[in-house]
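A.B. asks: Mind folding the following:
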Amino acid sequence: MAGRALRIATFNLKDFFAARSAGEETVIAEKVANVAAEIRRSRADVVALQEVGSTALLARLASKELADMGFGAPVLGTVDRRGIRNAILARVPVLWSQVHTAAALPFPRLLEGDPEPFAGRIPLRRGVVHVRVDAGELGEIDVMTAHFKSNLPTFLKDGGGNEIRDDSPRGRGEAAIRSLVQRAAEALYVRGLVDDVLRANPDHMICVLGDLNDTVESMPVRIVRGVFEPVSGVLFPCAERVPLETRFSCFHGGGPTLIDHVLLSERLFRAVTAFEIQNEALRWHGPHVGEPPLTADSDHALCVVEVSVG
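C.D. replies: Numbers count the residues shown, from 1 in each chain. Got it, this is the predicted structure:
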């Protein structure tokens, strides 16, 4: 890809499952067409995907609907209990790939020697997909994609896993804190992966992107960005390059918000020439209640950054 820009995108597909009944075949066909159109419009060379259910459908998308774009075989992450995973498609050489997993995530102790808080209770729901690509004149770039726990409240559960719902103000506050703790643990895990890369090569180019289910100034996203002292290793959010009124990637509670992020290390951020959020046709899909029917469109917008030499 010498002499041209590189484009990296993230896209939460929303329930990218195969049809489970004859009645869903039409909506799935429309969904595949919509995903193909969004990726084609983005002109992305590397696409990080979230909520991939059917790996066969994704492989078909790459080899049929997007065959002319030249994507290789998908790099697939581990699946969660709902049947969704992260994945990366690339049409530039992938030098190596890895899926980072953990049986459970640790959480910081307050005092040395304390027992681990929440031991074994915080899962890494979906493995973090990590590829190193050859970006030609730009050099080698590490791309990691994650999909954090939603920011919906997490209520206490009994020994059988049944929710013990407390809708009092304090009860809902506790549920919000449980949700934040889970996302923060995921953020610490991803930040550790970034630190591992930079420890080996402090000037290496890194892109962390995906549905982080929180805003750019939230504690989980700030942890991934590394905005605390010391400042070395900070990842910069690309979204600041678009006007505030168009800086959203989904609707939560009916209002626009940005929870899909593209975060770049300093050397890569200096190479940015464009950033876009393809949100013109984005719509609110309603509250997350039960198992909603499959939809032809996603409730997230594709975000894409362009970087180039010089």
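A.B. asks: What's the local residue count around the nearest residue to F228 once chain neighbours are set aside?
C.D. replies: Nearest non-adjacent residue to F228, counting by CB to CB, 6 or more residues apart in numbering: R222, 7.7 Å away. Where C-beta positions appear, they are placed from N, C-alpha and C, glycine not excepted. Residues lying near R222 (other CB atoms under 10 Å) number 17.
A.B. asks: ok, and what's touching the helix or strand that contains I39?
C.D. replies: Per DSSP states H and E: I39 is located in helix 25-42. If you take CB atoms under 8 Å, 6 or more residues apart in numbering as the criterion, helix 25-42 is touched by 7, 9, 11, 13, 16-19, 47, 57, 60-61, 65-66, 69, 89, 276, 278, 293-298, 302, 304.
A.B. asks: Distance from the chain centre to that helix, please.
C.D. replies: Chain-centre distance of helix 25-42: 19 Å, with CA atoms, centre = their mean, to the nearest Å.
A.B. asks: which of the residues in that helix are buried?
C.D. replies: Across helix 25-42, burial judged by 16 or more other CB atoms under 10 Å covers 28, 31-32, 34-36, 38-39, 42.
A.B. asks: which stretches of the stretch 1-150 of the chain form strands?
C.D. replies: Taking DSSP state E, counting those that start in this stretch to define them, one finds strands in the stretch 1-150 of the chain at 6-16, 46-52, 75-76, 85-90, 94-100, 128-134, 140-147.
A.B. asks: Of these, which is nearest D114?
C.D. replies: Proximity to D114, assessed across the strands of the stretch 1-150 of the chain by CB to CB, is greatest for strand 94-100 (26.0 Å).
A.B. asks: any idea of the angle the closest one forms with strand 85-90?
C.D. replies: Computed by axes from the mean of the first three to the mean of the last three CA atoms, to 10 degrees, the angle separating strand 94-100 from strand 85-90 equals 170 degrees.
A.B. asks: CA atoms only for strand 94-100 - export them in CSV, please.
C.D. replies: Extracted as CSV, the C-alpha positions of strand 94-100 are listed here (Å, rounded to 0.1, in the frame of the first residue of the first chain):
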residue,chain,number,x,y,z
VAL,A,94,-1.6,-9.0,8.7
LEU,A,95,1.8,-9.8,10.2
TRP,A,96,0.4,-11.6,13.2
SER,A,97,-2.8,-11.8,15.2
GLN,A,98,-3.8,-12.7,18.8
VAL,A,99,-7.0,-12.9,20.8
HIS,A,100,-6.5,-11.8,24.4
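A.B. asks: which residues does the residue nearest the centre of the chain bridge with?
C.D. replies: Residue closest to the mean C-alpha point of the chain, counted by CA atoms, centre = their mean, is G210 at 1.9 Å. Beta-bridge partners for G210, by DSSP bridges, are A146, H261.
A.B. asks: Isn't it up against H261?
C.D. replies: Yes: the pair G210 and H261 passes the contact test of CB atoms under 8 Å, sitting 7.1 Å apart.
A.B. asks: Quickly list what's touching both of the two.
C.D. replies: Taking CB under 8 Å, 6+ apart as the contact rule, G210 and H261 both touch T10.
A.B. asks: Could you export the buried residues of helix 25-42 to CSV, including columns for distance to G226?
C.D. replies: Output for the buried residues of helix 25-42, formatted as CSV (distance: CB to CB, whole Å):
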residue, distance to G226
I28, 40
K31, 36
V32, 37
N34, 35
V35, 32
A36, 35
E38, 30
I39, 29
S42, 27
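A.B. asks: from these, which has minimum pLDDT?
C.D. replies: Minimum pLDDT for the buried residues of helix 25-42 is recorded at I28 (94).
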